[in-house]
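**Student:** coords below, sequence missing:
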């Protein structure tokens, strides 16, 4: 990601409500919010959010040492999810209410995941 305070593009006004799906500029101003979470993901799907109600960007990083994290919708499975290998990361543009889930294969260990959200 380029070094900048802006994370998303125009228009420069914040959405009118949580259901407003127009893109807008997330910048260094009063409508900018960031929230993070440390999550442990096992063999049961877990929602990968930090709880920012009006999030527009979701950053997921697998900081584990051995386990592949698979992400997708609420029915994510290791055979159909998008793989995020150890030390890899994924940026997603999302609507405020979007839910992203993660799951892993190994029944003996969990994936250590960090989530960062940005929005209004």
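**Tutor:** Received it, and whenever you're ready, just let me know what you need. Bear in mind the structure is a predicted one, so any value in this text is a computation, not a measurement. Numbering: from 1, shown residues only.
**Student:** And the residue most central in space within the chain, which helix or strand is it part of?
**Tutor:** Nearest to the mean C-alpha position of the chain, by CA atoms, centre = their mean, lies residue 58 at 3.0 Å. Per DSSP states H and E: residue 58 is located in strand 55-62.
**Student:** what helices or strands is that strand leaning on?
**Tutor:** Applying 3 or more CB pairs under 8 Å, 6 or more residues apart in numbering; DSSP states H and E, one finds that strand 55-62 contacts strand 69-72, strand 82-84, strand 89-93, strand 111-119. (Each C-beta comes from the backbone N, C-alpha and C, glycine too.)
**Student:** Make TSV from those and add mean neighbour count, mean pLDDT and distance to residue 51 to it.
**Tutor:** Formatted as TSV, the helices and strands packed on strand 55-62 follow (neighbours: other CB atoms under 10 Å; pLDDT from 0 to 100; distance: least, CB to CB, whole Å):
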stretch	mean neighbour count	mean pLDDT	distance to residue 51
strand 69-72	23	94	17
strand 82-84	17	95	20
strand 89-93	14	91	16
strand 111-119	21	86	8
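**Student:** Out of those, flag the one nearest residue 40.
**Tutor:** Nearest to residue 40, of all these, is strand 111-119, at 6.5 Å by CB to CB.
**Student:** Run me through the strand neighbours of that closest one, direction for each.
**Tutor:** Strands adjacent to strand 111-119 in the sheet, as given by DSSP bridges, are strand 33-41 (antiparallel), strand 55-62 (antiparallel).
**Student:** Relative to the whole chain's centre, how far out is it?
**Tutor:** Counting by CA atoms, centre = their mean, to the nearest Å, strand 111-119 is centred 5 Å from the centre of its parent chain.
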